[in-house]
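Novice: Dropping a prediction and its sequence here:
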Amino acid sequence: MIELHTHEKDEFGSELMEKMRRLRLAFKAIDLDDHTAVFVIDGKKKISGEEALNTWFRELEKELHIQRSITGDACYIDPETGKVC
């Protein structure tokens with residue numbers, strides 16, 4: 001599971017959390033003290049720094065878009081029998 005380590009006063013962390021919610025991602029938000037920079041744990045990787053986090057998020061967003069377009073429910077009509085799946 002993705003972990004977002006942030007604190008409520010961090011504007012970038014709040015924006016990232018909102019983006020993750022809009023994507024309907026399963027993630028865990030973990031509160032940090034005010035002096036720790038925002039970071040994400042994704043599997044065994046730790047991503048930190050705004051530029052790296054933005055890149056990570058864009059790549060994740062692309063991957064999810066591809067996965068969700070492929071795994072959507074599909075239905076068909078059998079041309080020989082006319083039965084619906």
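Specialist: All right, it came through fine.
Novice: Quick check: nearest residue in space to D31, chain neighbours excluded?
Specialist: H7 (5.8 Å; CB to CB, 6 or more residues apart in numbering). The C-beta positions use only the backbone N, C-alpha and C, and glycine is treated the same way.
Novice: The one you found contacts I30, correct?
Specialist: No. Using CB atoms under 8 Å, H7 makes no contact with I30, being 9.5 Å away.
Novice: Poorly predicted segments of the protein, please.
Specialist: In the predicted model of the chain, residues 69, 71-78, 85 satisfy pLDDT under 70.
Novice: can you tell me which residues contact K9?
Specialist: Each residue near K9 by CB atoms under 8 Å, 6 or more residues apart in numbering is listed here: D34.
Novice: What separation do you get for it and H35?
Specialist: K9 is 11 Å from H35, where distance means CB to CB, to the nearest Å.
Novice: What residues sit buried inside whichever strand or helix holds E51?
Specialist: Here E51, judged by DSSP states H and E, is contained in helix 50-70. Buried positions in helix 50-70, judged by neighbour count with 16 or more other CB atoms under 10 Å: L53, W56, F57, L60.
Novice: Can you give the contact residues for it?
Specialist: F12, L16, K19, M20, L23, L25, V38, F39, V40, D42, I47.
Novice: go again using 7 Å as the cut-off
Specialist: If you take CB atoms under 7 Å, 6 or more residues apart in numbering as the criterion, helix 50-70 is touched by F12, L16, K19, L23, V40, I47.
Novice: for stretch 12-30, same thing?
Specialist: Contact with stretch 12-30 is made by 1-7, 38, 50, 53, 57, 61, 64, as judged by CB under 7 Å, 6+ apart.
Novice: a helix runs through G13, doesn't it?
Specialist: Yes. Assignment of G13 by DSSP: H, G, I helix; E, B strand; the rest coil places it within a helix.
Novice: Direction included, what does the helix or strand containing K28 pair up with?
Specialist: Using DSSP H and E, K28 maps to strand 27-31. Strand pairing for strand 27-31, determined by DSSP bridges: strand 2-6 (parallel).
Novice: Now do the partner strand and helix 50-70, the angle between them.
Specialist: 150 degrees (axes from the mean of the first three to the mean of the last three CA atoms, to 10 degrees).
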